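Enquirer: Show me the folded form of this:
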Amino acid sequence: MKRARVESNVIQASSEVDGFEEISEADKEIIVNKIEEDKCERKEPFTVSHVKKRPAQAVTVSERRKKLKMMKVPSIKILFTNADQLTHAKKNELEQRIITEKPMLIAVSEVKPKNGREMSEADYGIDGYTINQVNKASGRGIIVYSHNSLDKSAIQIKLGNSFNEACLLEVRLLNGDTLLFGCIYRSPTHTKSSDENNEQLIKLIERIKVKKYSHVCLVGDCNYREFYEIVSYFNM
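Expert: Numbers count the residues shown, from 1 in each chain. As a prediction, this is how the structure comes out:
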């Protein structure tokens with residue numbers, strides 16, 4: 001169970017073991033103990049030492065991109081939610097979902113609290129995942145969590161765009177394919193810069209289209225019901 005891959009299902013109870021009732025009581029006890037030990041390890045309390053943030057490096061993005069390694073798994077499971085404040089209670093709920101779903105990428109928009117104290121990076125950390133964060137002072141905050149097993153296969157990029165809130169990752173897949181994964185948040189509040197920000201969102205989609213990634217996955221909350229029409233227009 002300790003060697004199970006992140007996308008694998010892990011035994012949570014003795015009832016999930018085929019033929020459990022047919023074995024000896026001594027063997028039953030061994031299996032039950034192993035299951036409980038594994039569950040305790042997976043639910044150990046979060047500590048700051050478990051938080052990983054993709055480190056800032058002196059090398060350029062293009063140099064780091066050349067060093068990306070292909071994934072060793074054939075598929076990626078992804079979770080997305082608009083948290084409307086990623087409180088401790090909501091983060092605990094997300095962590096419980098992670099135990100059963102075992103996603104490789106988790107995108108969360110609107111993570112920042114609307115009122116009260118600003119949360120630290122340690123507050124947002126999830127054991128086993130690296131934080132890729134967009135948390136500008138004027139925005140609501142976006143985090144994309146990538147599983148630690150992707151640390152050598154994924155890189156956070158910007159595509160030279162000034163759209164307010166977009167967290168973008170390139171992930172090197174099997175057979176040389178590349179996934180562009182992005183989480184986007186567009187505020188529904190109209191301000192003096194809203195029109196310009198909308199233009200930047202269109203330009204961002206145009207840049208993604210020009211890059212001709214083999215796979216593209218965009219999630220988020222654009223607060224614009226016709227957004228899918230824009231994406232369809234670019235044949236994405």
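Enquirer: Okay, and the beta partners of the closest residue to residue 129 other than its chain neighbours?
Expert: Counting by C-beta to C-beta, 6 or more residues apart in numbering, residue 129 lies nearest to residue 145, which is 4.0 Å off, once chain neighbours are set aside. Where C-beta positions appear, they are placed from N, C-alpha and C, glycine not excepted. Beta bridges link residue 145 to residue 106, residue 131, judged by DSSP bridges.
Enquirer: domains in this protein, as residue ranges please.
Expert: Per the record, the chain has its domains at 1-44, 54-233, by automatic domain parsing.
Enquirer: still on that earlier bit, near the residue nearest to residue 129, how many residues? Count them for me, please.
Expert: 24 (other C-beta atoms under 10 Å).
Enquirer: That one reaches residue 127, doesn't it?
Expert: No - counting by C-beta atoms under 8 Å, residue 145 stays clear of residue 127, with 10.5 Å between them.
Enquirer: Next, the contact list for the residue nearest to residue 129, please.
Expert: 105, 106, 107, 108, 126, 129, 130, 131, 132 (C-beta atoms under 8 Å, 6 or more residues apart in numbering).
Enquirer: Can you report how many residues neighbour the last one?
Expert: Using other C-beta under 10 Å, residue 132 is surrounded by 23 other residues.
Enquirer: if I look at it, how far off is residue 167?
Expert: In this structure, residue 132 and residue 167 are 6 Å apart, going by C-beta to C-beta, to the nearest Å.
Enquirer: which neighbours do the two share?
Expert: With C-beta under 8 Å, 6+ apart as the test, residue 132 and residue 167 both reach 143, 144, 156.
Enquirer: what's the second one in contact with, if anything?
Expert: Going back to what we said before, that points to residue 144. Contacts of residue 144 by C-beta under 8 Å, 6+ apart are 105, 106, 107, 108, 132, 133, 156, 167, 169, 181, 183.
Enquirer: any residues touching the helix or strand containing the last one, and which ones?
Expert: Right, residue 183. Using DSSP states H and E, residue 183 falls within strand 178-185. With contact meaning C-beta under 8 Å, 6+ apart, strand 178-185 is reached by 76, 78, 80, 82, 105, 107-110, 139-140, 142, 144, 163-173, 201, 204, 208, 211, 213-222.
Enquirer: what's the answer for stretch 206-221, then?
Expert: 78, 80, 82, 107, 109-110, 142, 159-161, 166, 170, 173, 177-186, 231, 234-236.
Enquirer: Quick one: mean pLDDT over it.
Expert: Stretch 206-221 shows a mean pLDDT of 90 in the predicted model.
Enquirer: Report the beta-bridge partner residues of residue 220.
Expert: Going by DSSP bridges, residue 220 forms beta bridges with residue 184.
Enquirer: In contact with the residue nearest the centre of the chain, which residues?
Expert: By C-alpha atoms, centre = their mean, the chain has its centre lying nearest to residue 106, at 2.4 Å. Residues near residue 106 by C-beta under 8 Å, 6+ apart: 78, 79, 80, 94, 98, 126, 129, 144, 145.
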